[in-house]
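Colleague: coords below, sequence missing:
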């Protein structure tokens, strides 16, 4: 079935869905150690007050480097800052109510894309109609 137009009356469904995903991710980030930087449980090298350690994936040097860069980019404090920004966007969209700018609705839909396999994803309910 083709996707219906994303009108302002669907904005609340997108906002509600994304708020729930933000809370899910916030819980995970807080459990992961949002108070600071992740530290390895094994020996590492102290550099500028931080622990540096190698990450081995068993898939070769380039993959090890790529995984290490991913881990560094997803420190809990960075994830929480990103989630705070998403909440501010959701607040802005919610304040606009039925006057939600279509461009902002497109942004909400884009932020929801990584969760398209979630059973509560708003587009999944359209497919059932």
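Modeller: Looks like it arrived, so ask away. This is a predicted model, so every value here is computed, not measured. Residues are numbered from 1 along each chain as shown.

Colleague: from here on, contacts and neighbour counts on C-alpha atoms
Modeller: Noted.

Colleague: and for the helix or strand hosting residue 23, what's in contact with it?
Modeller: Residue 23 is part of helix 11-31 when elements are defined by DSSP states H and E. For helix 11-31, the external contacting residues (CA atoms under 8 Å, 6 or more residues apart in numbering) are 76, 79-80, 83, 86-87, 90, 93-94, 97-98, 100, 105, 108-109, 111-112, 120-122.

Colleague: just the buried ones from these, in PyMOL syntax?
Modeller: In PyMOL, this line selects whichever of the contacts of helix 11-31 come out buried by 16 or more other CA atoms under 10 Å:
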select buried, resi 76+79+80+83+86+87+90+93+94+100+105+108+109+112+121+122
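
Colleague: restricted to strands, list the contacts of helix 11-31.
Modeller: Per DSSP state E, strands hold no members of these.

Colleague: before we move on, back to that, what are the buried residues along the helix holding residue 23?
Modeller: Residues of helix 11-31 classed as buried by neighbour count (16+ other CA under 10 Å): 11-12, 14-15, 17-19, 21-22, 26, 29.

Colleague: pretty sure residue 104 sits against residue 93.
Modeller: Yes: between residue 104 and residue 93 there is a contact at 7.1 Å, judged by CA atoms under 8 Å.

Colleague: quick revisit: the buried residues of helix 11-31 into a markdown table, with extra columns for pLDDT?
Modeller: Formatted as a markdown table, the buried residues of helix 11-31 follow (pLDDT from 0 to 100):
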| residue | pLDDT |
| --- | --- |
| 11 | 88 |
| 12 | 89 |
| 14 | 92 |
| 15 | 93 |
| 17 | 95 |
| 18 | 95 |
| 19 | 95 |
| 21 | 94 |
| 22 | 94 |
| 26 | 85 |
| 29 | 73 |
